[in-house]
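Trainee: Got a sequence here, can you build the structure:
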Amino acid sequence: MNRDHAVVIGGSLTGLLAVRVLTDHFDRVTLVERDRFPTGAAFRPGVPQSRHLHVLWTRGLEILEGLFPGLEKTLLGAGAEEIGVPSDVLWLTSAGWRTRFDVTRLLTFSRPLLDWAVRSRLTGDAAPSLDVLEGNEATGLLARGPDVAGVVLRSGEAVAADLVVDATGRGSRAPAWLATLGYPSPPETLVDPLLGYASRFYAIPSGFDPGWKALYLQADPPFTRRTGGLFPQEGGRWICSLSGAGRDYGPTDENAFLDFAKGLRDPVLYEAIRDAEPLSPITGFRRTANHRRHYDRLPAWPHGFVVMGDAACSFNPIYGQGMTVAALSALALDRCLREDRPDLERRFQRRVARSGAGAWLVATGEDLRYEETEAAPTRLSTRLINAYVDHVVATANVDRRVCASLLDVLALASAPASLFSPTVLARVTANRLRASLH
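Mentor: Numbers count the residues shown, from 1 in each chain. You can find the predicted model right below:
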């Protein structure tokens, strides 16, 4: 493959991370984005989930810091909050309240702040080799026989490229584009918990100090479907996100929003926001299905084209793993480009599938607990694993080492299989025995 020019379609975090990696391997990189980027940390239409709760787990933060040294300092300097997990979080799990051990940390911020920080670094560090085509939309692939040689813009302009990266998210048209080149549609898997968010910003009341920085009240499926999160962000504000599965959507009506919060498993979140000053309207979001396109299973694949991020595999955002998976995919792209081996594109699609496998198991395993979830019939193995995970969660509430192992899985620092290690198994078994004796 020549490495003169690469094109990235889509300027969300996945696309920005792809650009960062490609600037190390190609002479020129072009980013095609339908929106026009704001000058600062502002919301834009192309990131519809940006008005809701975002956290960046440790693994994702490590990768971003490696790609953009000093990024964490920039975020903290702009007001992002560092949260000890679970030490700073009042956390009601499906098995009860979690002991506030000092285990790990995460950053919480608005999505526009992160995107602005990354864009600023890209346009500064990679400016000579980066061309940004804002207000442009790719409508198809430029073909060279069965392979891809660039993209076609809505204006009709053809942009030649040695590699095209589709980072257009859930709305990706890659299956249709591949079909025009004669490739079959990829197999797809859908697990839809029929979950909807509603979110609002509040001013953190002056002098408010209850002994915690963040609240997380989880549902307890199949008995309850509602989840609530209250996390600090830059600007001395909270982001409050309420969600419900099985079409028990978080409401966008003023009174219904507070009533929904009152209906969570504990009133602490409602009591915190009841008299707090709202700083924004209530915004809804319902496109939360787990959707996987198995490009790695196709018998043939064109040279010059790859798909990554939500365009390949998207997750229910309630678990906060999407940004870390995007970072893992960027790391996979970098490693594939550094290898002096043929068939880059096929290798990358297989690694993208592996990068998201842990997050997929976590998200779908939890979402399959709701009886309303639209999916293929739940396998016996999934029900057995979920039963064991219930015991892991209960043990993690009182055992720091198991809590650390569970959080490593949630943060995608360890594979879900690590929860079956001899150490975790022994501690879970011991906790179950203690519970049976009381």
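Trainee: got the residue ranges for the strands in the stretch 151-300 of the chain?
Mentor: Using DSSP state E, counting those that start in this stretch, the strands assigned to the stretch 151-300 of the chain run over residues 158-160, 163-166, 188-191, 196-203, 214-217, 226-233, 237-244, 283-285, 290-293.
Trainee: between the fourth one and strand 237-244, what angle do the directions make?
Mentor: Between the direction of strand 196-203 and that of strand 237-244, the angle (axes from the mean of the first three to the mean of the last three CA atoms, to 10 degrees) works out to 160 degrees.
Trainee: Can you get me a residue count around His291?
Mentor: Other residues near His291 number 18, with proximity taken as other CB atoms under 10 Å. Backbone N, C-alpha and C define where each C-beta goes, glycine included.
Trainee: ok, now Arg338?
Mentor: For Arg338, using other CB under 10 Å, the count is 11.
Trainee: Next up, the contacts around the nearest residue to Arg401 once chain neighbours are set aside.
Mentor: Excluding the flanking residues, the one nearest Arg401 by CB to CB, 6 or more residues apart in numbering is Arg427, at 6.4 Å. By CB atoms under 8 Å, 6 or more residues apart in numbering, Arg427 lies in contact with 395, 399, 401-402.
Trainee: For Arg427, which three-state class applies?
Mentor: helix (DSSP: H, G, I helix; E, B strand; the rest coil).
Trainee: That one and Ser421, how far apart?
Mentor: Separation of Arg427 from Ser421 (CB to CB, to the nearest Å): 10 Å.
Trainee: and the helix or strand containing Leu17, what does it pack onto?
Mentor: In the assignment (DSSP states H and E), Leu17 maps to helix 13-22. Applying 3 or more CB pairs under 8 Å, 6 or more residues apart in numbering; DSSP states H and E, one finds that helix 13-22 contacts strand 5-9, strand 28-33, helix 58-67, helix 111-125, strand 163-166, helix 322-338.
Trainee: Any buried residues in the last one, and which?
Mentor: Taking 16 or more other CB atoms under 10 Å as the basis for neighbour counts, the residues of helix 322-338 that come out buried are 322-334, 336-337.
Trainee: Out of those, which is nearest to Ile63?
Mentor: Ala327 (3.9 Å; CB to CB).
Trainee: Distance check, the residue nearest to the closest one when sequence neighbours are not counted against Ser120.
Mentor: Closest residue to Ala327 apart from its sequence neighbours, by CB to CB, 6+ apart: Ile63 at 3.9 Å. Computed as CB to CB, the Ile63 to Ser120 distance reads 18 Å.
Trainee: and of the helices and strands packed on helix 13-22, who's closest to Ser94?
Mentor: Each of the helices and strands packed on helix 13-22 has some distance to Ser94 by CB to CB; the shortest is helix 322-338, at 21.9 Å.
Trainee: Beyond the closest one, next helix or strand please.
Mentor: Sequence-wise, the next helix or strand downstream of helix 322-338 (DSSP H and E) is helix 344-355.
Trainee: Report the central residue of the chain.
Mentor: Centroid check for the chain by CA atoms, centre = their mean gives Gly322 as the closest residue, at 1.3 Å.
Trainee: Skip the chain neighbours and tell me the closest residue to it.
Mentor: Computed as CB to CB, 6+ apart, the closest residue to Gly322 that is not its neighbour in sequence is Phe315, at 5.6 Å.
Trainee: Now the residue of the chain most remote from its centre: phi and psi?
Mentor: Distance from the centre of the chain peaks at Leu437, with 40.6 Å (CA atoms, centre = their mean). Here is the backbone geometry of Leu437 (degrees, to the nearest 10): phi -90, psi 0.
Trainee: Tell me which residues touch it, please.
Mentor: Not one residue lies near Leu437 by CB under 8 Å, 6+ apart.
Trainee: switch to numbering from 47
Mentor: Done: numbering now begins at 47, and the last item shifts to Leu483.
Trainee: Can you get me a residue count around the residue nearest to Ala373?
Mentor: Other residues near Ile109 number 22, with proximity taken as other CB under 10 Å.
Trainee: quick one: it and Leu117, what's the gap?
Mentor: Distance of Ile109 to Leu117, computed by CB to CB: 10 Å.
Trainee: What is the neighbour count of Tyr229?
Mentor: With other CB under 10 Å as criterion, Tyr229 counts 19.
Trainee: For it, report the pLDDT, please.
Mentor: We have a pLDDT of 96 for Tyr229.
Trainee: residue contacts, it?
Mentor: Tyr229 sits in contact with 192, 344, 346-348, where contact means CB under 8 Å, 6+ apart.
Trainee: Now list the buried members of these.
Mentor: Neighbour-count burial (16+ other CB under 10 Å) is assigned, among the contacts of Tyr229, to 344, 347-348.
Trainee: wait, doesn't Ala64 sit right on Ala213?
Mentor: Yes: the criterion here is CB atoms under 8 Å, and Ala64 meets it with Ala213 at 5.5 Å.
Trainee: any shared contact partners between the two?
Mentor: Each of 54, 354 lies in contact with both Ala64 and Ala213 under the rule CB under 8 Å, 6+ apart.
Trainee: wait, which of the helices and strands packed on helix 59-68 is closest to Ala357?
Mentor: strand 209-212 (5.0 Å).
Trainee: Show the average pLDDT along the closest one.
Mentor: In this model, strand 209-212 carries a mean pLDDT of 98.
Trainee: chain center to that strand, what's the gap?
Mentor: On the basis of CA atoms, centre = their mean, to the nearest Å, strand 209-212 sits 21 Å off its chain's mean C-alpha point.
Trainee: what packs against it?
Mentor: On a contact count with 3+ CB pairs under 8 Å, 6+ apart, strand 209-212 meets strand 51-55, helix 59-68, strand 193-199, strand 351-353.
Trainee: Partner strands of the last one, with direction?
Mentor: In other words, strand 351-353. strand 209-212 (parallel) (DSSP bridges).
Trainee: Might you list the low-confidence residue ranges for the stretch 247-396 of the chain?
Mentor: Counting by pLDDT under 70, the stretch 247-396 of the chain contains no low-confidence residues.
Trainee: and Leu188, bridged to which residues?
Mentor: Per DSSP bridges, the residues bridged to Leu188 are Gly196.
Trainee: quick one: which of the helices and strands packed on helix 59-68 is nearest Ile285?
Mentor: Checking the helices and strands packed on helix 59-68 against Ile285 by CB to CB gives helix 157-171 as the closest, at 9.9 Å.
Trainee: pLDDT score for Asp171?
Mentor: Model confidence at Asp171, given as pLDDT, is 69.
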